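J.: Sequence plus the predicted model coming up.
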Amino acid sequence: REQLQAGTYDLGYVRYVLTTVSAQAKTGQVKKKGGAVFKALTEGYLLEEYQQTLQAPAQGKRTSSTTRDHQRKKLTEELEDARKSLAFVQTADCYTAENRPGAIVEVEAKMAKLAAQLHQLSS
């Protein structure tokens, strides 16, 4: 939570970590998913890789329709997660009048970024 509030990374990174660690656990690369997720979130060892995935669609590379469909699906899922996060931030008791506005701005910014990436991918 502290790293999210500090702007070290966004909610999309948390989803990326969960997805990546789950995939690594399925292939046997990770034995303790909880520990791997904790380490990735506290040390940010997947952050650079995550940021590269965000920039890939924005660079305008030509991709196959299968890859674009996969990217579109992933971005759509992330956008839906962000919408759920926004609803949570707006209603959860753990957010106060002091920290809720910042969290809302962060989630809305992430949603705008995802929507722009989806639009660019569809172009």
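T.: Arrived safely.
J.: Now the element after the helix or strand where residue 51 lies, going C-ward?
T.: Taking DSSP states H and E as the definition, one finds residue 51 inside helix 47-58. Where DSSP H and E defines the elements, the next helix or strand beyond helix 47-58 is helix 65-91.
J.: Quick one: residues in contact with the helix or strand following that following helix.
T.: Under the assignment DSSP H and E, the closest C-terminal helix or strand after helix 65-91 is helix 100-122. Identification of contacts with helix 100-122 by CB atoms under 8 Å, 6 or more residues apart in numbering yields 4-5, 7, 10-12, 54, 57-58, 60, 68, 71-72, 75-76, 78-79, 82-83, 85-86, 89-90, 95. Quick note: C-beta positions are derived from backbone N, CA and C, even for glycine.
J.: Swap in 7 Å and give it another go.
T.: For helix 100-122, the external contacting residues (CB atoms under 7 Å, 6 or more residues apart in numbering) are 5, 10-12, 57-58, 68, 71-72, 75-76, 78-79, 82-83, 85-86, 89-90, 95.
J.: Please apply the same query to stretch 12-31.
T.: So stretch 12-31 is in contact with 33, 36, 37, 40, 41, 46, 47, 50, 78, 81, 110, going by CB under 7 Å, 6+ apart.
J.: Show me which parts of that stretch are buried, residue by residue.
T.: Going by neighbour count (16 or more other CB atoms under 10 Å), the buried part of stretch 12-31 is 12, 13, 14, 15, 16, 17, 20, 21, 30.
J.: farthest-separated two in these?
T.: Across the buried residues of stretch 12-31, the longest distance by CB to CB is 20.4 Å; it joins 12 and 30.
J.: which phi and psi does the residue nearest to the spatial centre of the chain have?
T.: For the chain, the residue whose C-alpha lies nearest the mean C-alpha position (CA atoms, centre = their mean) is residue 12; its distance is 1.1 Å. Backbone torsions for residue 12, taken as degrees, to the nearest 10, come to phi -60, psi -30.
J.: Next, the angle from the helix or strand harbouring residue 34 to helix 47-58.
T.: Here residue 34 sits within helix 33-43, counting by DSSP H and E. Orientation check (axes from the mean of the first three to the mean of the last three CA atoms, to 10 degrees): helix 33-43 against helix 47-58 gives 80 degrees.
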